[in-house]
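Undergrad: Compute the structure for the input listed below.
(4 chains)
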Amino acid sequence: MSLYVEVIKNGNGKGEPEHFTINMGPHHPSTHGVLRLVLELDGETIVKCDPRIGYLHRGVEKLAEHLNYNQTIVLSDRLDYIASAANNIAFCLAFEKLLGITPPRRARLIRTIVNEMARISSHLLWLATHALDIGAMTVFLYCFRDREWLLSIFEKVCGARLTHSYVRVGGVRLDFTQEIIDELRRFTEEFPQRILDYETLIDVNRIWLKRTRDVAVVDAETAINLGLTGPVLRGSGVPYDVRKFRPYDAYDEVEFEVPVGERGDTYDRYKVRMKELRQSNWIIKQCLDKLKEVEGEPVLAEEAPDLLLPSRVREPEPKPHPKKGFVFTGKELPVVPPGEAFASIESPKGELAVYVVSDGGPNPWRLRIRTPSFVHISAIPELAKGHMIADLVAIIGTLDVVLGDCDR
Amino acid sequence: MSDIIAQIPYPLLVFIVAFILLNLTLLHVAYLTYAERKIIARMQQRLGPNRVGPRGLLQPIADVLKLLQKEDIIPNNVDKSVFKIAPLISLVCAGTGVSLIPLWEKFVLSNLNVGLLFILALSSLSAYGVILSGWASNSRYALLGGLRSSAQVISYEIAMSLALLSVVLMAGSFNLQDIVKAQVASPFKVYLIPQVVAFFVFMVCALAETNRVPFDLPEAETELVAGYFVEYSGIRFALFYLAEYFGMVVMSALAVTCFLGGYAGPFEVPGLPFIWFLLKLYVLLFFYIWVRATLPRYRYDQLMGLGWKVLIPLALANLFVTAFLKLYL
Amino acid sequence: MNLLQKILLIEIWKGLFLTLKKMLFERFVTIQYPEKDKVIPAPGFRGRHALVRDPNTGDTLCIACMRCVRVCPSQCIKVEYEVDKETNKRRVVKYEIEALRCVYCGYCEEVCPVNAIVLTEFFEYVGFTRDEVFFTKEKLLANWDEFIAKAKRPYLNPFWKPRGIPEKFLPVRKRNFTGV
Amino acid sequence: MGLLEIAMDLLAELREKFPKVVLEVLEKDALTIVCRREGSLELISYLKEKGFKHLIDLCGVDYQGYKSEKKPERFEVVYHLYNLDEKKLIRVKVLIPENDAWQYSVTGLWKTANWFERECYDMLGIVFKGHPDLRRLLMPEDWEGYPLRKDYPLFLTEENEWKGYKEFLASVRGAK
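TA: Numbers count the residues shown, from 1 in each chain, chains lettered A, B, ... in the order given. Predicted structure coming up:
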C-alpha cells in the first residue's frame, strides 16, 4: 500500500533495514538558497550526503570573458550578495595587480572600512539565519535590525543597499562625506552593545550549547585538507587570515587580532565569528581615525582606467564617430598588459581568490573565481557524516554558505 | 435564576453549557494566535499584525475565513481516508479536555471522578492524529515528523503523569473539582509552593506535549519544513493548528487547576466568576509565547535524553518525597 | 557555570528577561510602510532612470555619444541618432532603457559627459506589464519631470560629479557642473 | 628582492629532483612553475610535503586563440598552493594537450580538489584520472559541450539548446 510498507517489508534482503533517501532542497527553508542535498538516512542519522549545486549557476566566468574589466565588477556583486563590497575588492585587487597600479591611501582606507562593513553585515546575516535554523527566532530579528542600519549606511555611501558596485579599479567611486563618517562612528560606538543582546539570548544558553557543541568537529589538519578557510578554519585553531598573511588595502596599518577556536566544533566557529564582529568594529574605528590624515586626497588613482576600455566585442551599432568621441582630457587610456594576476582577500565567508589571465585586450581572457562557499559546500558530506538531520541544518548554518557565491 | 436553570431539562442544559464552553474556548484559541503574533512581534521590536481591523484585531477571523475558502488539496498518493480523518482526531482529542476543567465552582461540564486520567488519556490520543497524518501523507518529511512526535509524546507522557500524580497524592482524588477544593484547604492555598518541582516538570512536559518551542521537533520548520502536516492545506491544515492551540489551552488550564488553585482567588470578584481562572490561564499562556520568542530548539535525541534522564527521575523523586511526607506527617 | 546556576536555569531566565524588557520598554523598529512612514532614500540612491530635460530647449541633453550604450554591463540601453547635415551634430532619435534588464550599477550616469542620464532617487515604481517598465525617450523625460518636481533644486546627483575624483579627469561639462 | 631569489633553494631542489618535469620557472605576481603533465603529480605531492599544504585554487585555462604569447598546449591546469608556515604562494601550471585532455587527479592529496576537478571537467572537459566521482557539477548531467572552452559560444542558437530545456518547452506547450 504505502511506500514505506514496501521498504520495511523488503529491506535489502540481509535483514538490515534499507536506508531512507530524502531530498533536502532545493526549496527547503534552511538550505540558504537553492542547495540540494540528497541524504541517505538511517533513522535520523545521515549515512551519506550528496550535495547537488548549480541551481543558481549564471556563468559569471564565461560572461566575464565578454565584458571589460570594470564591467565585471558588476558581476562580482552578484556572487556573494550578502557582502558584495568584499567581492568588488577582490576583483579590483586582481585587476590592479595586472595593471600595476596602486590606489591612493584614502581609497585604501575607505576600502578597508567598506570591507569590514561587509563583514559585519554578512556575519549578522549568518548569525540571524544560523540562530533561526536552530530555532532561536528572536536573534534573527535583532540581527536584521542592526544589519538594516549598516545597509542604510551603505546606501548613503554608494546609493545601493546590496549590490554596491562601489569599488573601482584603482580606487573607489565616491568619497565618504562627513555625514557618513559621523553615522559610522555612531554605529561603531553602539554596535558592541548590540552584540550583547544576541549573546544574552544564545551565548551560554544550554540548548544552544547542546546544539552546537561537538557538532561537525574538524581538526586543523582535516580542515586544511578540506580547503576550509575563513572563520571555519580559524574555528579549528589555524590562525590563517589573508588580512594578516598577505595584507591588502590598509590592513597592514591597522591593528586587529585573529580569533581562533580550540575544538573546531560549531560552537567554536560561532565564537570566532562573534569575536570577529568586535574586531571588525575596531578596525572601522581605527580607519575612521586615519581618514582624517588623508582629508581631501583623491580616491581614484591617477592612472586608473576609465570605465570605458575599448571594447571589441560590444562595439555598438552604428559606430560612433571616432574623432567626435569624448575622450577624457589629461589622461591616457591605459592598456591592460598581457599576463596573469592572482589576488585573494579575506571575504566574510572565507578566502575569495581571483585569478585573471589577460591577453592585452579589453576583456579578461580568463577570470577564475575561487569562492569560499563552493569549497565549504564540498565539505558538507565530510562534516555531516554520522550526524542527525537537525545537525545538518546547524552545519549548513555554521559554514555560512551563499549559493550565489557557490554556483557563480 | 436558579429556578430557570432548574426548569431546563438536563440534556438541554448540558448542551447549552457545552455550546458556551466550546465557543468560549474557540474564541480563546483564535485570539491566542493573535496574541502570540502580537506579543512575539513586540518582543522582537516589530509591529505585528495590524492590517485587519483596528490594531489587527480581526486578523484571526480573517485567517480562519481564508483557510476555509482555500482548496483542500489531497495529494495523489496519500491514504485518503486516514489523511482526511487525522486532523479531526487531533482536534477532538485536544479539545475535549476542556469539558473536564472546573472553570468555576458551579461551572464544570462533566465532573468525572477520574477527570485527570481522562485528560491524560485524551492528550495521548491526540498523538494518534499526528502519527496517522504523518503516515498517511506518504511523504518522507511527514513520516519523520510523525515518528518524532510519537516518540516525544510517549516519553513525555510518563513524566507528566508522574508530576500530576504527586498532586493527586496530596489532594487524595482524581476529581479536578476535588483537587481545587483540597488546594484551597491546604496551608499554602496553592500546590505550586509545595510541588514546585512537579510544576516545573509539568510545564516542561506540557511544552513538549503540545509541540511548542523548544520542543517543536515534529514540525521543526527549518528541518522538516512543516513536519507531519507538510502535505495538508486549507481547512485541514487549520485543524492541526487549532489542535495545537487547543492543546495549549487545555494544558494551561490543567496546570491552573492542579497547581495554581484553579478558580479560587485571594478575594471574590462579584459578577465575574471566571476572572481568577482566566487570569491565571493567561499568565501561563503568556509564558508559552514568551518561551517561544526566546529559546532555540532541542535536537531529537537530546529531547529524549532530557525526558528520560532528567524529567522522569525528577518527577519520580518528587513523587516519593511527596508520598513519604504524606505518610509520616 | 556552576551547579546552582545550572539548576536555577539562570541563563535561560536572563534570555527571557531580555525579551520581556524589549517588549515592555523598547519601541519597535519596523515602520508602517507606506501609509504612515515614507522611506526617503539617501542622495545618490540608484533608482528609476530619467533623462534630464534641458530647460532651454525642452528636449534631452543627450548628444548621442554612445558611451552609456558601450559601458552598460547588462546592455539594456539602446540609442539611435541622426546626424544633422548642416551643423554636423548628432540628434537623439530613440533612447530606450529596458528597466527589467538594468542592474542599477550607475555606470551610465558616471560616464555621461553631459549629465544627461540619471538614476533618480525615486524607487517606488512597478508595472503590470513589461511595457510599463520599458522606458522610451518620452517616458524617461516624463520620469525626470515627475522626479524633479519634488526634488531639491539645484539637484546634483553624486555620480554626475563623483566626490573625491580629481577634476582634471572629468570632461569640461562635468567639471563646471553645479546642478540643475 | 625578487621572488626567484627568495625561493632559490626550493627551485634548485625542484630542478634537481624533477629535471624532466619542470619546464620553466617564471617570476610573475607569484612564483610560477610551468611543468609537463607526466610527473606533475609527484611534483605537487612533493610540494605538499614541503609545506604547501593549502590548495587555494585549482582551475583550468583554455588558451585557444591566445594572441599575445605562443602557448605550447591548448589547456593549462593551474594550481595555487600556499605554505601556511612560511607564507609563500606558488603557482604550478601543468600543460595539457588539446586532443588528449586529461590530467592526474590530486584528490588523494587534497579532499578539496574533488569539486575543483569536477568543475574543471564540467567547464573545460579536462578529464582527471583517478578521480573517485567525476560527474558534471554545475551544468545538468546531460549537457553537451564544455562551456568555458573558447570555441563555445556565449549565446547558443536555438537548435543547439540544452535537451532538457527543449523538453521543458515541449511539456509546457503540450499542457496548453
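
Undergrad: mind listing what D:Val77 touches?
TA: D:58-61, D:93-94, D:96, D:103, D:120, D:126 (C-beta atoms under 8 Å, 6 or more residues apart in numbering or on different chains). Where C-beta positions appear, they are placed from N, C-alpha and C, glycine not excepted.

Undergrad: Which residue, neighbours along the chain excluded, lies closest to it?
TA: In space, D:Val77 comes closest to D:Val94 once its chain neighbours are excluded; the distance is 4.7 Å by C-beta to C-beta, 6 or more residues apart in numbering or on different chains.

Undergrad: Any idea how many residues pack against that neighbour?
TA: 27 (other C-beta atoms under 10 Å in any protein chain shown).

Undergrad: likewise the one 4 residues further on?
TA: Per other C-beta under 10 Å, the neighbour tally for D:Glu98 reads 12.

Undergrad: count of neighbours near the residue nearest to it when sequence neighbours are not counted?
TA: Leaving aside its sequence neighbours, D:Glu98 sits nearest to D:Arg74 (C-beta to C-beta, 6+ apart; 3.8 Å). For D:Arg74, the count of nearby residues is 20 (other C-beta under 10 Å).

Undergrad: Kindly report the same for the one 10 residues further on.
TA: Counted with other C-beta under 10 Å, residues neighbouring D:Leu84 total 17.

Undergrad: got the contact list for it?
TA: The neighbourhood of D:Leu84, defined by C-beta under 8 Å, 6+ apart, consists of A:224, A:238, A:240, A:245, D:51, D:53-54.

Undergrad: pLDDT wise, what is it at?
TA: Looking at D:Leu84, its pLDDT reads 85.

Undergrad: Equivalent analysis for A:Ser2, please.
TA: 51.

Undergrad: Equivalent analysis for A:Cys92, please.
TA: pLDDT, read off for A:Cys92, is 90.

Undergrad: That one: which element?
TA: Assigned by DSSP states H and E, A:Cys92 belongs to helix A:84-99.

Undergrad: In terms of secondary structure, what does that helix contact?
TA: With contacts defined as 3 or more C-beta pairs under 8 Å, 6 or more residues apart in numbering or on different chains; DSSP states H and E, helix A:84-99 has these neighbours: helix A:69-77, helix A:105-134, strand A:167-168, strand A:339-347, strand A:350-358.

Undergrad: Quick check: closest non-adjacent residue to B:Asp301.
TA: Among residues not flanking B:Asp301 along the chain, A:Met388 sits closest, at 6.8 Å (C-beta to C-beta, 6+ apart).

Undergrad: Geometric centre of chain C: which residue is closest?
TA: Residue closest to the mean C-alpha point of chain C, counted by C-alpha atoms, centre = their mean, is C:Arg46 at 2.1 Å.

Undergrad: so what's that residue up against?
TA: By C-beta under 8 Å, 6+ apart, the contact list for C:Arg46 reads A:159-160, C:104-106, C:119, C:159.

Undergrad: Buried residues, the longest strand along chain C. List them.
TA: For chain C, the longest strand by residue count, based on DSSP state E, is strand C:90-98. By neighbour count with 16 or more other C-beta atoms under 10 Å in any protein chain shown, strand C:90-98 contains the buried residues C:90, C:92, C:95, C:97.

Undergrad: Between these, which sits nearest A:Phe191?
TA: Within these, distances to A:Phe191 taken as C-beta to C-beta reach their minimum at C:Ile97, with 39.1 Å.

Undergrad: quick one: secondary structure of C:Arg157?
TA: Quick fix: residue C:157 reads Asn, not Arg. coil (DSSP: H, G, I helix; E, B strand; the rest coil).

Undergrad: Roughly how far does it sit from chain D?
TA: Look at C:Asn157 and chain D: by C-beta to the nearest C-beta, to the nearest Å, they are 33 Å apart.

Undergrad: tell me the pLDDT at the residue nearest to that residue when sequence neighbours are not counted?
TA: In this structure, C:Asn157 finds its nearest non-sequential neighbour in C:Val118, 5.2 Å apart by C-beta to C-beta, 6+ apart. Looking at C:Val118, its pLDDT is 87.

Undergrad: need the contact list for C:Val118.
TA: By C-beta under 8 Å, 6+ apart, the residues touching C:Val118 are C:49-52, C:109, C:144, C:157, C:159-160.

Undergrad: next one: B:Pro214
TA: B:Pro214 touches A:135, A:207, B:207, B:291, B:295-298, counting by C-beta under 8 Å, 6+ apart.

Undergrad: do B:Ile275 as well
TA: Residues in contact with B:Ile275 (C-beta under 8 Å, 6+ apart) are B:265, B:269.

Undergrad: Could you do D:Gln64 as well?
TA: D:74, D:98, D:149-151.

Undergrad: would you turn those residues into TSV with secondary structure?
TA: Below are the contacts of D:Gln64 laid out as TSV (three-state DSSP):
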residue	secondary structure
D:Arg74	coil
D:Glu98	coil
D:Arg149	coil
D:Lys150	coil
D:Asp151	coil
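
Undergrad: from those residues, which is closest to A:Phe140?
TA: Set against A:Phe140, the nearest of the contacts of D:Gln64 by C-beta to C-beta is D:Arg149 (43.9 Å).

Undergrad: And the closest one, how far from A:Glu61?
TA: 12 Å (C-beta to C-beta, to the nearest Å).

Undergrad: coming back round to it: quick one: strands adjacent to the longest strand of chain C?
TA: strand C:77-83 (antiparallel), strand C:134-135 (antiparallel) (DSSP bridges).

Undergrad: sec struct for D:Glu144, please.
TA: coil.
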